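> Sequence unavailable; structure follows:
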């Protein structure tokens, strides 16, 4: 199968004062459709920079990024916006919900940018919130929700437009471990159900265990690119989600508000 | 992304920072209010000036002279032929000289033994049709028809409303208080004193008096037959009050008769005659009528006709349009000065809006980044902020317009309002004259026409949008990366 994400000699150099910092150094990657892919690495390794390049948030200094057949590094800002509307979803570490919009309105945001009428998009948004077990919170403002709830709204927002790829930047970075497991469970479940490629940056090694593929970045280079075997993955997922297996449709019992 | 979505997002954002939005809006309110009120004062001044000019005289009349001071070229002869040319010109309704002769030495006598005497100099030869076109009015009698002939020595005339008071009692000495009577004089009982002569009934004799070359006095008598009496309107001409109007042909006939009497050579037309100088040199002084009035069909065409008159050589002209233009220019000047001051207020408001939008954008940097990551195009982000800035402007403009109406109502009814609270009347004429208008006409002080409302709203919104341009541009430059930057 043709890879859905591919980079060719991807290089990113930042200029800090008079010094050049090589954040990415000739990265070549190929991620298959439907894969759950973790990008791990220490702080400053370049893993976030890599994600930014893959999602087209930043232009590479050199090299190419392909998503499907599209070379996104040559796109203009408006072309990228259109491309994101159609094909990409994004989950942020600090949720990034718009504070003056309700949960449903936040989820419906990508659909609004597409030009979908308000009624239709709010209906779709509520369906998505229902899958996240948050239907009762649809009309709440983000400030009225816990961190876990906010992040689930964020996840619903990423999935609502049925993208091909979802990028996540430390999606559980601001959550406690119980909530982390719940949120991750939802993501994996949704990605699998919709056959969505999921690329996540994390510095938590144990999260990487449940991915299909783990890419380790060090000093701007791919240190290792490992496809996790079926057995290991099942074992670590079972271990991680052992107390969550029958939780799917209901509200989680414990949600500790997290500070962002 | 639909317009309704843009409006909803903008409204949400403005509502989120109520205090700041309110302060910014107040800035626009002050600016719009100041501009509208000042413009309304100017409009009212112009309206009052117009009303006053109307009371001063006919706005559709032009006065021309057959000479010009400091003129480069020759002023063409203003004779009957030229009058016909002027009458034939587009927009000209009528033209007439108010033709008086300085040459004629004559007096009017009435009463037994010709006891009462009036001077002749306030007598004019006029075109009767032109008088009617110029809306001269008779309180009694009728206009003199062109073909009327009462006999060789009888001249039909129209008299001013108080022409009778022009007669003096020649039996009384020059310094006697009883030699003259005047209109409005009352006796000891408070009854009005009638003039010595009832011009409509008594016989009026016009006597030309000349001296021949030998110094002998020669006289010739004519009878003046009063055909009608004017309604006094000195804004049209003084002869409607105390003078006499006759046909031009009769006036010329009198002139010729006088010239014959004094032994001077006949002149066919015109106010002046050929004078023989001491050196026997003949000097042509005749340049037609000294002063001619031209009636135009509409106020708006006066300028055009006046310009045409200038073009054909009459540089010395006068019309209310000139005064009107000067008055309007004066109002416009004050409006410019005061409006400029108000514009400064609006400029400050614009800076305020820009500042508010900049702050708003700095605060929402992350949100803007998130919107970009979620697929919002650059243009929509720009539009979003322009709509917000424009809304602040429009909102401020709307409130400003509403307040202006309130202020306008208060100004126009200030005396009534002050009186209601037991105060004394306030003279707002200072306010009007500040605008270059003429005080004391009693009209509205402030007038806000519908176009001014639209102008106010449109302008305030434009100010909002313009001040939003730079902030909105800044917003579009915010990188999508801001979304994932951690604080």
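Structure received. Source: prediction; values computed, not measured.
> dump the residue contacts of the closest residue to chain B within the stretch 51-200 of chain A.
The minimum distance from the stretch 51-200 of chain A to chain B, using Cβ to the nearest Cβ, falls at residue A:85 (3.4 Å). In short, each C-beta sits where N, CA and C put it, glycine included. The contact partners of residue A:85, taken as Cβ atoms under 8 Å, 6 or more residues apart in numbering or on different chains, are A:110, A:113, A:114, A:161, B:374, B:375.
> So which of these belong to strands?
Per DSSP state E, strands hold no members of the contacts of residue A:85.
> Reformat those as CSV; add distance to residue B:320.
Shown next, in CSV, are the contacts of residue A:85 (distance: Cβ to Cβ, whole Å):
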residue, distance to residue B:320
A:110, 70
A:113, 64
A:114, 67
A:161, 73
B:374, 69
B:375, 68
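> are any of those residues buried, and which?
A:110, A:113, A:161, B:374, B:375 (16 or more other Cβ atoms under 10 Å in any protein chain shown).
> So the first one versus residue B:50, what's the distance?
As judged by Cβ to Cβ, to the nearest Å, residue A:110 and residue B:50 stand 62 Å apart.
> Who are the packing partners of the longest helix seen in chain B?
What stands out as the longest helix in chain B, according to DSSP state H, is helix B:320-363. Counting contacts by 3 or more Cβ pairs under 8 Å, 6 or more residues apart in numbering or on different chains; DSSP states H and E, helix B:320-363 packs against helix B:18-56, helix B:299-311, helix B:378-412, helix B:450-476.
> quick one on the thing from earlier: mind picking the one among the contacts of residue A:85 that's closest to residue B:200?
Relative to residue B:200, the closest of these is residue A:113; by Cβ to Cβ it sits at 92.9 Å.
> contacting residues around the closest one?
A:81, A:85, B:1, B:371, B:374, B:375, B:376, B:377, B:380.
> same check, this time on residue B:91
Residue B:91 neighbours (Cβ under 8 Å, 6+ apart): B:296, B:297, B:298, B:301, B:304, B:305.
> hmm, which helix or strand of chain A has the shakiest average pLDDT?
helix A:205-208 (a mean of 80; mean pLDDT, DSSP states H and E).
> ok now it, how far from the chain's centre?
15 Å (Cα atoms, centre = their mean, to the nearest Å).
> Buried ones in it, by neighbour count?
A:207, A:208.
> which element follows that helix toward the C-terminus?
Note on helix A:205-208: by DSSP states H and E, the next helix or strand toward the C-terminus is strand A:213-218.
> packing partners for that following strand?
strand A:19-31, strand A:36-40, strand A:221-227.
> Who are the contact partners of the residue nearest the centre of chain A?
Most central in chain A under Cα atoms, centre = their mean is residue A:168, positioned 2.0 Å from the mean C-alpha point. Counting by Cβ under 8 Å, 6+ apart, residue A:168 touches A:90, A:91, A:92, A:158, A:187, A:198, A:199, A:200, A:201.
> so it sits in a strand?
Yes. Counting by DSSP: H, G, I helix; E, B strand; the rest coil, residue A:168 is located in a strand.
> Relative to residue A:157, how far out is it?
Taking Cβ to Cβ, one finds residue A:168 at 12 Å from residue A:157.
> Kindly report the same for residue A:110.
For residue A:110, the distance to residue A:157 - Cβ to Cβ - is 7 Å.
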